[in-house]
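Visitor: sharing a model prediction with you, sequence too.
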Amino acid sequence: LDKAVLRPGRFDRLLEMPLPDRKGRLDILGVHSKGKVYEKNVDLSMIAKATPGFTGAELMNLLNQSGLHAIRKGRETISQEDIFESLDEIQSERVGESSPFTARQLDGTPPAQLRKRMAVFAAAKGLIGCIMPEYHELARVSVSPSGHTSTFAHYIPKEESVETNVVDRAVLESELVVFMAGYCAEKLTFGENNVSILGSSDYQSARVLAEQIVCEYGFGRNVRLLSIPHESAPEDAVVEEATSTSSDKVSATMNAAIRADVTDLLNAAEAKAYIGLARNWRLYEKLANELFVNQHIMGQEFVSMLKENGAFMYPDQYLKDFYEDAGSDHVVYPDHTDAQDFMSDTEGSNGAAVAAEESHIVQQ
């Protein structure tokens, strides 16, 4: 509205309409599902649970997109898979893709080598989030949704966190570990010299979150209980400017302390992701192979596989035990000299498990 319309005295009261809660979303989905034919496995309560923060219009669009997915596949009924594929697309648009690799549209199914790399990345993000206590619930993990060179691990945040926009330190540090999981998995599976840019957007998100933890929330090790300027650069600015504190407002000594805290957080998150993958290496291989073949795993099935295989679970959500000065060591990755042969040889990935298990950090 024009500001002139909202001048004092022209309106007696302004009312804000909050976003619908889970029950409200379920009622909205019920309204927009009329006239559509669904398969028996469709659970609207699960869809309502998986869509916190969605408006009524977005929920309507989700069901309409699901119908189009079913039509493209030659079916007259909408399945749960159709709905979650549409949800993947919508969530990708909401989050935004910063990497040119993940934004690329493919014609048909991705090549086997690329699909293997994406499966490795997706399996790691799903696994690490699920073995983290009190983390968000996993709804679905997918590889190449709608033909894009991207992966998506769809987590359902707690309703109260979405409504209040309040999260604690444990959740923030868990987010860092999940962000680093795919990047770490690629290094473990293919070797440090064969890492792709598939995880560049996640790594960038981890850097931004680490700076927010230190500069805005005061959870750094050296910089605490202080409000440090953290400026957002324009959309067309370079990445380094978008993730840097304002140098003209922070002394060189304080800036160095901030850099040290951010680096410590990222290194600790990588070390924790590394240990989670190494301790669950056989299970991680099964998950990656399942994604390689079927391109998606629903959350309940994913969690069932973890339980059946006795997955190692993290004792807590924090990073305090994974800093180098807490007794941990630098992460040591296996050296795969021939990534092409390794990618085509599923059994060959056992070498990564051996190297991981023998490294000092896992023993710690």
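Guide: In hand now; what should we look at?
Visitor: how about low-confidence regions in the stretch 201-350 of the chain?
Guide: 225-249, 325-350 (pLDDT under 70).
Visitor: what ranges does the stretch 51-200 of the chain have for its strands?
Guide: Remark: strands assigned in the stretch 51-200 of the chain by DSSP state E, counting those that start in this stretch are 137-143, 151-156.
Visitor: quick check: neighbours of the shortest one in the sheet, parallel or antiparallel?
Guide: Okay, so that is strand 151-156. If you go by DSSP bridges, strand 151-156 pairs up with strand 137-143 (antiparallel).
Visitor: how about residue 306, what does it touch?
Guide: If you count contacts by Cβ atoms under 8 Å, 6 or more residues apart in numbering, residue 306 has them with 127, 130, 131, 283. No exception for glycine: its C-beta is placed from N, CA and C like everyone else's.
Visitor: out of the strands of the stretch 51-200 of the chain, which comes closest to residue 288?
Guide: strand 137-143 (9.6 Å; Cβ to Cβ).
Visitor: sorry, back to before: which of the contacts of residue 306 lies closest to residue 31?
Guide: Distance to residue 31 across these (Cβ to Cβ) is lowest for residue 130, with 33.3 Å.
Visitor: the closest one: neighbour count?
Guide: Using other Cβ atoms under 10 Å, the number of residues around residue 130 comes to 26.
Visitor: so what's it scoring on pLDDT?
Guide: Residue 130 carries a pLDDT value of 93.
Visitor: my guess is it meets residue 302, correct?
Guide: Yes - assessed by Cβ atoms under 8 Å, residue 130 is found in contact with residue 302 at 6.6 Å.
Visitor: give me the common contacts of these two.
Guide: Counting by Cβ under 8 Å, 6+ apart, the contacts common to residue 130 and residue 302 are residue 138.
Visitor: which among the strands of the stretch 51-200 of the chain is found nearest to residue 26?
Guide: Nearest of those to residue 26, taken as Cβ to Cβ: strand 151-156 at 14.1 Å.
Visitor: follow-up on the earlier one: so which of the contacts of residue 306 wins on neighbours?
Guide: Neighbour tally across those (other Cβ under 10 Å): the maximum, 28 neighbours, falls on residue 127.
Visitor: returning to that earlier point: of the strands of the stretch 51-200 of the chain, which shows the lowest average pLDDT?
Guide: Lowest mean pLDDT of the strands of the stretch 51-200 of the chain: strand 151-156, a mean of 80.
Visitor: what's it in contact with?
Guide: Here strand 151-156 makes contact (Cβ under 8 Å, 6+ apart) with 49-50, 52, 84, 87-88, 91-92, 118-119, 121-122, 125-126, 129, 135-145, 178, 182, 198, 299.
Visitor: and if we set it to 6 Å?
Guide: Contact with strand 151-156 is made by 49-50, 88, 118, 121-122, 125-126, 129, 136-143, 145, as judged by Cβ atoms under 6 Å, 6 or more residues apart in numbering.
Visitor: repeat that for stretch 261-270.
Guide: Outside stretch 261-270, the residues that touch it by Cβ under 6 Å, 6+ apart are 176-177, 180, 184, 210-211, 214, 220-223, 319, 322-323, 331.
Visitor: distance between that stretch and the chain's centre?
Guide: 17 Å (Cα atoms, centre = their mean, to the nearest Å).
Visitor: pull the longest helix from the protein.
Guide: As assigned by DSSP state H, the longest helix anywhere in the chain is helix 252-279.
Visitor: give the buried residues for it.
Guide: 255, 257-259, 261-262, 264-279 (16 or more other Cβ atoms under 10 Å).
Visitor: any idea which helix or strand comes after that helix?
Guide: helix 281-294 (DSSP states H and E).
Visitor: contacts for the helix or strand just after that next one next, please.
Guide: Following helix 281-294 in sequence order, the next helix or strand is strand 296-298 (DSSP H and E). Residues outside strand 296-298 that contact it (Cβ under 6 Å, 6+ apart): 140, 141, 142, 290.
Visitor: and the strands of the stretch 51-200 of the chain: which comes nearest residue 67?
Guide: Using Cβ to Cβ as the measure, strand 137-143 is the one of the strands of the stretch 51-200 of the chain that comes nearest residue 67, at 18.8 Å.
Visitor: residue 167: neighbouring residues, count only.
Guide: 16.
Visitor: give me the pLDDT for it.
Guide: Note on residue 167: pLDDT of 83.
Visitor: ok, now the one 3 residues further on?
Guide: Listed pLDDT for residue 170 reads 89.
Visitor: residue contacts, it?
Guide: Residues near residue 170 by Cβ under 6 Å, 6+ apart: residue 317.
Visitor: again with residue 159
Guide: Going by Cβ under 6 Å, 6+ apart, residue 159 touches 22, 52.
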